[in-house]
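Q: with the sequence up front, the predicted model follows.
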Amino acid sequence: MTTAVAPTGRKPATMSQALNRALRDAMADDPAVHVLGEDVGTLGGVFRITDGLAKEFGEDRCTDTPLAEAGILGTAVGMAMYGLRPVVEMQFDAFAYPALEQLISHVARMRNRTRGALPMPITVRVPYGGGIGGVEHHSDSSEALYMATPGLHVVTPATVADAYGLLRAAIASDDPVVFLEPKRLYWSKADWEPDRPEEVPGIGTAVVRRRGTSATLVTYGPSLPVCLEAAEAATAEGWDLEVVDLRSLVPLDEETVCASVRRTGRAVVVHEATGFGGPGGELAARITERCFHHLEAPVLRVTGFDIPYPPPMLEKHHLPGVDRVLDAVARLQWEADWTSPESGSGVSRESGSGFSRGSAPGARGVSGSQSGTPGGAR
């Protein structure tokens, strides 16, 4: 006897499809939602994220704009002041820089400036990051600029489900949200049910993507698949790595991050942005401040180098990869014995010196810098 299995509606979907569906559903649910940007209408966006929206909702609600980012965002400010919910697309990460004046001086401050009388329900979509063979101005990771601007929420999905759920949450928010979309994950796939999308944690909540006991990899956006791959490869070295996906950079879920680091005693922060002045420095500082007495080793970072984005043929050396992540993990003071730099004498980690409680997994050769500086750590 054969038992019939009811169809679930789940089928492979890409992140770009989930983002498109989130925009479509938001526009269908609320006539105040308007999409505007360069080539978002007839073309459907460079990455086809807005494909079909102009045809379905009309060009008045999915509007092609001139090549003028400051004007696009300035227009969105006026729209928001009159009760609309504009969703702005900045075609590429570095194209957003001309709009920083509007973003920093008005979008981020308007609600505070008016003592809450004028909310700014603006979502600024920014395709960001490398890994697609793009030239400069097409592959930047500028999240630190947005994180350092009070008044903005900054989120970045790394899964298909989060792409839909976080974008819907961003559009519904009365606060301005910079929505960073990792370009290299646009074509990543997962089983997903578009008519009944799964609920995901909201803005401001991190998620543990892989449980582990040896050390914590703290990451987000395009670096999540790298960390998950590194965690699987690390088992051959005797390490059981936990992976935390931040999802939201502002507000930051410190509780989830610190709970993980307190369990494992070690942490490595991984992102594509530069090391010097990058998000990893802030994350490392907060982890150290809140978890100091639980740490077995300093918090390390694996980042892009402190250089302008390199030509396409060189980006594989610039972007954090599995080997660089594992080399950083190998530097987390796993040695069974620690040698005092003053005396040169060996100090057992089991002797109450406070350097480690655990046994030492297999060591791994360290090659190159783990910080954002080629040839040496900062």
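A: Okay, I see it.

Q: ok, for residue 67, nearest residue in space, not its chain neighbours?
A: residue 38 (5.7 Å; Cβ to Cβ, 6 or more residues apart in numbering). Where you see a C-beta, it was placed from the backbone N, CA and C, and this is true even at glycine.

Q: enumerate every residue touching that neighbour.
A: Residue 38 is in contact with 64, 65, 66, 67, 72, 89, 91, counting by Cβ atoms under 8 Å, 6 or more residues apart in numbering.

Q: can you give me the helices for the protein?
A: Ranges of helices in the chain, per DSSP state H, are 15-29, 53-57, 69-81, 100-102, 110-113, 143-147, 160-172, 224-234, 254-264, 279-291, 315-318, 322-330.

Q: might one say that residue 281 is in contact with residue 303?
A: No. Using Cβ atoms under 8 Å, residue 281 is not in contact with residue 303, being 9.3 Å away.

Q: quick check: neighbours shared by these two?
A: Jointly contacting residue 281 and residue 303 under the rule Cβ under 8 Å, 6+ apart are residue 275.

Q: how about CSV for the contacts of residue 38, with distance to residue 33 added?
A: Shown next, in CSV, are those (distance: Cβ to Cβ, whole Å):
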residue, distance to residue 33
64, 17
65, 16
66, 22
67, 23
72, 16
89, 13
91, 20
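
Q: farthest pair in those?
A: 66 and 89 (13.5 Å; Cβ to Cβ).

Q: these two: which is more packed in?
A: More crowded of residue 66 and residue 89, by other Cβ atoms under 10 Å: residue 89, with 28 against 8.

Q: grab the nearest non-local neighbour of that one.
A: The shortest distance from residue 89 to any non-neighbouring residue, by Cβ to Cβ, 6+ apart, is to residue 37 (3.3 Å).

Q: how far away is residue 295 from residue 23?
A: Noted for residue 295: a distance of 42 Å to residue 23, by Cβ to Cβ, to the nearest Å.

Q: looking at the two, which has the bigger crowd around it?
A: Set residue 295 next to residue 23 and count neighbours by other Cβ under 10 Å: residue 23 wins out with 29 against 19.

Q: who has more neighbours out of residue 281 and residue 303?
A: The neighbour count for residue 281 versus residue 303, taken as other Cβ under 10 Å, is higher for residue 303 (28 against 20).

Q: roughly how far apart are the more buried one and residue 314?
A: From residue 303 to residue 314 the distance is 16 Å (Cβ to Cβ).

Q: now residue 235
A: To residue 314, residue 235 is 31 Å away according to Cβ to Cβ.

Q: so where do the strands sit in the stretch 51-200 of the chain?
A: 62-64, 85-89, 123-128, 153-155, 177-182, 189-192 (DSSP state E, counting those that start in this stretch).

Q: can you pull the contacts of the closest residue to residue 51 other than its chain neighbours?
A: Counting by Cβ to Cβ, 6+ apart, residue 51 lies nearest to residue 44, which is 3.3 Å off, once chain neighbours are set aside. Taking Cβ under 8 Å, 6+ apart as the criterion, residue 44 is in contact with 50, 51, 52, 53, 54.
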